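[1] Predicted model, plus sequence, below.
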Amino acid sequence: MAKRIVVDPVTRIEGHLRIDVEVDEGKVSKAWSSGQMWRGIEQILEGRDPLDAWIFTQRICGVCTTVHALASVRAVENALEMEVPVNAQHIRNMIITAHGVHDHIVHFYHLSALDWVDIVSALKADPKEAAKLAESLSGWELNGVHEMTRIQQKLQGFVNSGQLGVFANGYWGHSAMKLPPEVNLIAAAHYIQALEIQRDANKIVTILGGKTPHIQNLAVGGVTNSINLDSQAVLNMERLTYVKSLIEKLDSFVKNAYLVDLAVIGAFYTEWAGYGKGVTDYLCVPDLPLDSKGTKFAMPGGYIRNGDLSTFKPINSYNDDFLKMGIAESSKHSWYTGDEPLHPWDGKTIPSYDDFNDEGQYSWIKSPTFQGRPAQVGPLANVLCMAAAGHESTNKHLGFLVDTLNTVNKMVGGPGGVGIDALHSTLGRHAARAVRCAVMLDELNVQWEMLVNNIASGDTDTYNRPSFPKGEIRGVGFHEAPRGVLSHWVVIEDAKIKNYQCVVPSTWNAGPRNNEDVPGPYEASLVGNPVVDEHNPLEVLRTVHSFDPCIACAIHLFDTENNEVVKVKAL
Amino acid sequence: MSVLVLGVGNILLTDEGIGVRVVEQLEHRYAIPEGVEVMDGGTAGMELLSSIAKRGHVILIDAVNTGAEAGTVVTLVGEQVPALFKTKISPHQLGISDLLGVLTITGEMPDEMTLFGVVPYSLDTAVELSEPMLPRLEQLLELTVAELRKQGYVMVEKSETAAAIEQAC
C-alpha cells in the first residue's frame, strides 16, 4: 500500500513549493510538484512604457533581481532590433557572471549542503586529521589545523548555547548522512568561510550596477555607466583594479574549495549518482554576447535529447527559430483557464483556482515544453551542452572534478570509475553547478580583460538610444540564468506594453504534468528515490534542492497564514 | 557605529511593499543626516548581509502578519525582532531570518534592532498601496523619524520646493 507524504512548504528555498510523493516499499512511486502562489507581473506591466519594464521585473524575486532586469531589457532591444555597444555587453556580462558565482556559492553551501553535511558530527572530528585530508587535496589557504580547530570550537559554542541559528533546520544523525566527522568539519569550515567570500561577488555587482540589491545601471540600449579611466566619479581604473582583486579571491575559493568539496562529498555519496535522473532532454541558451549584434557568445547554448550528448544541437543566436518558436506553455494541470499549449507571445494568465486534484489542476506554475516535450534547464543542462560544444574551460573543470572524486572514492575503499554519465542525477546537478561556477569565474576574468582592452582602444560608448515605431512589435529576451533558461516575452503596441510573459527557469523544472500528462523535471526526478524515514524525508529534499528551487518568480504570494508552519505530513 | 533604516517588501504586491514605500518617503521628505543610511532592501536576502553586519542600530520596516486586524501597527525591539522572523510571521521569513541566523554565526549581529511593522490590508498584484494603508505609511514614517531623533540625529524636513525639484530631476 503506497503512503502519501506531503512536504509543504519545502524549506531553504526562495518562494513557496509543495511536494507530494507516494512511497511504495521505501521508494517514491509518484510525485507532484505544486507552486502555491500565483504570478501576476503581466497585469502590472500592461500599458506601461517598455523602457521601464526592467525596473518592475527586477522586483519579481529577491534572489534573481539582476537576471530579470537583464532579460527585460534584452526583450525590448530584441523587439527594436537594436545593437548594444560592446562595452555595455562586457559590463553586463561581468554582472551576469559575478551574480552567477554569488548565487551558486550560496546555493550549495547555505541552501543545500546541510542535506549532505552533518554539522553535529563535525564536533567529533580530529581537527588535525581534517586539516591533513583537506591540505592533501587542495592548496586552499584556509584548510590548516588552526582554522579547523577554530571552526570546531565555534560550532561547539553554538551547540552549547542552544543557538544553532541557520544550522537549526538540519537532519542531524539521519541514517542517510554518510560523511565521516573530518569531512563534515571541512565542509562546515568552508560553509562559514563562504559566508564571507560570497560578499565579494556581491560587491562586484554593486560596483558595476551602482546599487544593491537592485542594480541601477541598465537601460534599453546599453548601460548608464560612464567610462573614463582617469576620472574619480565614474567607472575608472581604480575601481576596475579593485574588481580584479575581488575576482582573484573568488577564483581561489571556488577552484580550491567549492569544486574540491563537491568531489569529496560526491565520493561518499556515489549512490546519489543513481537517483534523481528524471527528464534528460536538456535546454540552455548561449550567453555572454561578445559583439554589439549578439552573434558571438562566450558560453555556447544548445539542446540535448534523451541524455545523449551525440544529439547535441547548437543554438547560436537568440533569433534562432528552433529556440524562439520551440517554446510553449500548457496550463492543463495549473490553476488557469485553457488547456492548449500557447506560445508565450500569445500566453494568457487568467486564474481559475480549484482544489489540489492529483489528476487535474494542482499548481500555480504552468508547464512549459520545448519541441513539445518537457526539458530540464539549469547548470546541468548548461554544463552538458557546453561540454558537447567543446567549451574548453567547462571540460577542464569537469575533468578535474571527476578525477578528484574518483581519487577520493578509491582512497576510502570505493571502486572509483565514476564517469560523465553520473551527471544525470541528483549528485550530478550539484557537481555541474560547481563546474559552472568555476567556468563563470574564468569568463568573468576574460570579460574584465576585454572591457579594459576595449576602453584602452579608445571606445567609451555604453548606450544606444531606442526609438519605438507605430504599430505592433514583438521581442524576446533570453538569458542563461543561474537556474537555467530565462525568457521574457514582450508584445509592444504604439510604444506601450500589450502583453508580457516570463518563462522562468523554475517553471521549466518545477512545472506540473503537461498537456499530455507527462511529468515535469522535479516530478520525474523524484520517482525511484529512496525514503528511509517517511517522517523525515531527507532524500526527497536532496533531489528537490539539487535543482536549486527559486520560485518566488514562478509564482507569487497567496496566503501567508498557511505559511506559518513547516509541515511534513505522512498520510 | 551607524544606523541603517531598511525597508523590505515586494512592491509588486500592494501593501507587501510598505517597508520600501516608507523608506522612499523618508528619503524624499527628509535630509538624511550623516551616520544614517536608508536602504530599499526589496525582498533580498544574502545580498543585504554586508549592509546589516556590525551596525550600531538597524531599523527594519516591513509588512507583518501577526494574525491581528489589518492596519495594526507593531513595534518590536531587540530580541523580539529575530524571534518574529523565526516564527515566520513575515512573508519574507526566508531572507531576513536566514540573514539574522548568519549574522549570529559570523558574530556580526547589530547592537540594537527595532522593527516597525504593519499588518497588510491587501496583497493583490499592483504597485500601489491600498487606500487604507496610506495613513499607516504616515504613521510608520513618523515612528521612524521619532526613533532617529531619539537617538540624537537631527531630522530636518526638506522644504516642499526642494522636494519637488528633486522629484522633477
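    The structure has been received and is ready for your questions.

[2] C-alpha from now on. contacts and neighbour counts both.
    Fine.

[3] give me the beta-bridge partners of B:Leu4?
    B:Glu37, B:Val58 (DSSP bridges).

[4] Give me the neighbour count for it.
    21 (other CA atoms under 10 Å in any protein chain shown).

[5] Distance check, it against B:Arg29.
    Applying CA to CA, to the nearest Å, the value for B:Leu4 to B:Arg29 is 17 Å.

[6] residue nearest the centroid of the chain?
    In the absence of a named chain, chain A is used. A:Arg483 (2.5 Å; CA atoms, centre = their mean).

[7] that answer is for a different chain, and I need it for chain B
    Geometric centre of chain B, nearest residue: B:Ile61, 2.1 Å, by CA atoms, centre = their mean.

[8] Run through the helices of chain B in chain order.
    Ranges of helices within chain B are B:18-29, B:49-52, B:80-86, B:93-106, B:133-150, B:160-168, based on DSSP state H.

[9] Next, format these as JSON lines and append mean pLDDT and mean neighbour count.
    As requested, the helices of chain B are arranged in JSON lines below (pLDDT from 0 to 100; neighbours: other CA atoms under 10 Å in any protein chain shown):
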{"stretch": "helix B:18-29", "mean pLDDT": "96", "mean neighbour count": "22"}
{"stretch": "helix B:49-52", "mean pLDDT": "89", "mean neighbour count": "19"}
{"stretch": "helix B:80-86", "mean pLDDT": "73", "mean neighbour count": "18"}
{"stretch": "helix B:93-106", "mean pLDDT": "74", "mean neighbour count": "21"}
{"stretch": "helix B:133-150", "mean pLDDT": "97", "mean neighbour count": "16"}
{"stretch": "helix B:160-168", "mean pLDDT": "68", "mean neighbour count": "11"}
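
[10] Minimum distance to chain A: which of those helices has it?
    Closest to chain A of the helices of chain B is helix B:93-106 (CA to the nearest CA; 4.6 Å).

[11] Got the confidence number for the residue nearest to the centre of chain B?
    For B:Ile61, the model assigns a pLDDT of 94.

[12] pLDDT value on the closest residue to chain B within the stretch 401-550 of chain A, please?
    For the stretch 401-550 of chain A, the residue closest to chain B is A:Cys550, as judged by CA to the nearest CA, at 11.4 Å. Note for A:Cys550: predicted pLDDT of 76.

[13] and what of the one 10 residues further on?
    According to the predicted model, the pLDDT of A:Thr560 comes to 31.

[14] A:Ile44 too?
    So A:Ile44 comes in at 89 (pLDDT).

[15] how much space between it and chain B?
    From A:Ile44 over to chain B the distance is 6 Å, taken as CA to the nearest CA, to the nearest Å.

[16] burial count for that residue?
    17.

[17] Could you list the low-confidence segments of chain A?
    Scanning chain A for pLDDT under 70 picks out the ranges A:1, A:9, A:11-15, A:36-39, A:163-170, A:551-571.

[18] Please name the residues that touch the residue in chain A positioned nearest to chain B.
    Of all residues in chain A, the one sitting closest to chain B is A:Gly62 (3.9 Å; CA to the nearest CA). For A:Gly62, the contact set (CA atoms under 8 Å, 6 or more residues apart in numbering or on different chains) comprises B:42-45.

[19] which one of the helices of chain B lies closest to A:Asp459?
    Among the helices of chain B, the nearest to A:Asp459 by CA to CA is helix B:160-168 (32.3 Å).

[20] now, which of the contacts of A:Gly62 lie close to chain A?
    Checking these against chain A by CA under 8 Å from any CA of the partner chain, the ones in range are B:42-45.
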